[in-house]
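**Q** task: produce atomic coordinates for the following.
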Amino acid sequence: MDRTRKLVLVGGGGTSADVLTIIAAINTLDQRYEVVGLLDDTLSVGSMRWGVRVLGGLDTTCDHDVRFVDCLGSPRSFRGRESLYDRLGLDTKRFETLVHPAAIVASDVKIGDGSILYPNTVVLSGVQIGSHVTILSGSVLNHEVQVGDWSILASGVMVSGGVQIGRSCYLGAGGSIREGVVIGNGSMIAMGAAVTSNVATSSTVGGVPARPLRTAR
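**A** As a prediction, this is how the structure comes out:
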């Protein structure tokens, strides 16, 4: 029986290059995936990106037998990913969840549809990761952390036990979050910040200890 799943990458930025290495690592252990194309509004149809053919823009219709991989999201666009997919009408249940073989994930961890865990991430007991979450290399989530849908954790983020991260948040590289802290929906944590108290919804904080920098309008 053919177990290979056909994948289409959504977005042609740097994340898609990273994702291709994750897929290759998974296929080394179990030939599970075939990447058949990429969707991006800024690239020419038929051109090649990272060795993958561009099928069209983000609104291109794909066969029902393919699954998507969410390669969108950056410090500039992280708040808009959810509404973008709503506008495109893409069924978020059709997105594949990818966990690099070098990630350490406790057996009781829950991971939602379309989430991606990079190599050398550590996710410990009782953690709940929502849908369309991206966690980059070297990040550590200690016991009973909750990460809301659509959030992004950049490289080397240290999250202490019992932290709650809201929806559509962005945690910059090298940040650290004190135990029990609540980070409101749509918030950004600047690179290297040390967050020791709760963060209000749609806020940007930075520094050591972290202080409010601004609130999104």
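
**Q** contacts and neighbour counts: CA atoms only from here.
**A** Will do.

**Q** was I right to think V205 contacts G192?
**A** No: contact criterion CA atoms under 8 Å: V205 and G192 do not qualify, at 10.6 Å.

**Q** between those two, who's got more neighbours?
**A** V205 (24 against 19; other CA atoms under 10 Å).

**Q** ok, now which ones touch the residue positioned nearest the centre of the chain?
**A** For the chain, the residue sitting closest to the mean C-alpha position, by CA atoms, centre = their mean, is T134 at 1.5 Å. Listed by CA atoms under 8 Å, 6 or more residues apart in numbering, the contact partners of T134 are 115-118, 150-153.

**Q** how far off centre is the lengthiest helix in the chain?
**A** In the chain, assigned by DSSP state H, the helix with the most residues is helix 14-29. Centroid displacement of helix 14-29 relative to its chain, using CA atoms, centre = their mean, to the nearest Å, is 14 Å.

**Q** just the C-alpha atoms of it, please, in CSV.
**A** Output in CSV follows, covering the C-alpha atoms of helix 14-29 (Å, rounded to 0.1, in the frame of the first residue of the first chain):
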residue,chain,number,x,y,z
GLY,A,14,12.9,31.1,4.3
THR,A,15,10.6,29.0,6.4
SER,A,16,9.8,26.8,3.4
ALA,A,17,13.5,26.1,3.0
ASP,A,18,13.7,25.0,6.6
VAL,A,19,10.5,22.9,6.2
LEU,A,20,12.1,21.0,3.3
THR,A,21,15.0,20.0,5.5
ILE,A,22,12.5,18.8,8.1
ILE,A,23,10.6,16.8,5.5
ALA,A,24,13.9,15.3,4.2
ALA,A,25,14.9,14.3,7.8
ILE,A,26,11.5,12.5,8.3
ASN,A,27,11.8,10.8,5.0
THR,A,28,15.3,9.4,5.9
LEU,A,29,13.6,7.4,8.6
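
**Q** list the contacts of R67.
**A** By CA under 8 Å, 6+ apart, the contact set of R67 is 5-8, 94-96.

**Q** that one pairs with what?
**A** With DSSP bridges as the criterion, the beta-bridge partners of R67 are L7.

**Q** any idea how far it lies from L84?
**A** 18 Å (CA to CA, to the nearest Å).

**Q** and for T97?
**A** Between T97 and L84 the distance is 19 Å, computed by CA to CA.
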